[in-house]
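Undergrad: one predicted model, sequence on top.
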Amino acid sequence: MPDPIPADAVILRELRPGDAGWLVMRHGELYHRDEGFDLTFEALVAEILAAFIRDHDPAFERGWIAEHGGRRLGSIFCVRAGKGVAKLRLFLVEPEARGTGLAKRLIETCMEWARARGYGRMVLWTHESHRAACALYARHGFLLTESRPVRSFGCDLVQQSWEIDL
């Protein structure tokens, strides 16, 4: 196993050609492996990315790719969810970069960027089974606002909504 990559050695950059395909692929592969998600999850990720690439307002919406030595290690997106409300989306950290502080850096970068754009609140949805991500959201002040059983992506899940006042 390679040595851990320090989070401060990772660059956070904007989306460029090839990143969307990688994001769809890695979300599909990792969520299938770890959660048993089916192909409908990849379709959702592809739809989110297609809408972002086609329609996002760069003054108020942004995506970051975490990269080290030319290797993509993660992502996070901030999109508009309504007046004064930002939505955190497509948060992903490659298994080899977990536990390095990269996830914390991605969350903080996204939240700081949203605050600087005048967003007063940030929301996100996830699943209860993503325990490490949920713990990270809670540590950063997000509050769980809804939790309900759903059948999504070929699995029985507990979908969660979280939010924070920025």
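TA: Great, that's in hand.
Undergrad: list the contacts for the residue nearest to Val93 when sequence neighbours are not counted?
TA: Counting by CB to CB, 6 or more residues apart in numbering, Val93 lies nearest to Gly74, which is 4.2 Å off, once chain neighbours are set aside. For every residue, glycine as well, the C-beta is placed using N, CA and C. If a contact means CB atoms under 8 Å, 6 or more residues apart in numbering, then Gly74 has 65-66, 91-94, 97, 102-103, 106 as its contacts.
Undergrad: contacts only, for Glu67.
TA: Counted by CB under 8 Å, 6+ apart, Glu67 has contacts 10-13, 73.
Undergrad: with Ala103 instead?
TA: Contact partners of Ala103, counting by CB under 8 Å, 6+ apart, are 74, 91, 93, 132-133, 136.
Undergrad: same question for Asp38.
TA: Neighbours of Asp38 in contact, by CB under 8 Å, 6+ apart: 32, 153-155.
Undergrad: can you rerun that using 10 Å?
TA: Applying CB atoms under 10 Å, 6 or more residues apart in numbering, one finds that Asp38 lies in contact with 28, 31-32, 152-155.
Undergrad: just want the phi and psi numbers for Ile53.
TA: With angles defined as degrees, to the nearest 10, Ile53 sits at phi -60, psi -40.
Undergrad: from what I can see it touches Val24, true?
TA: No - look at Ile53 against Val24 with CB atoms under 10 Å: they stay out of range, at 11.7 Å.
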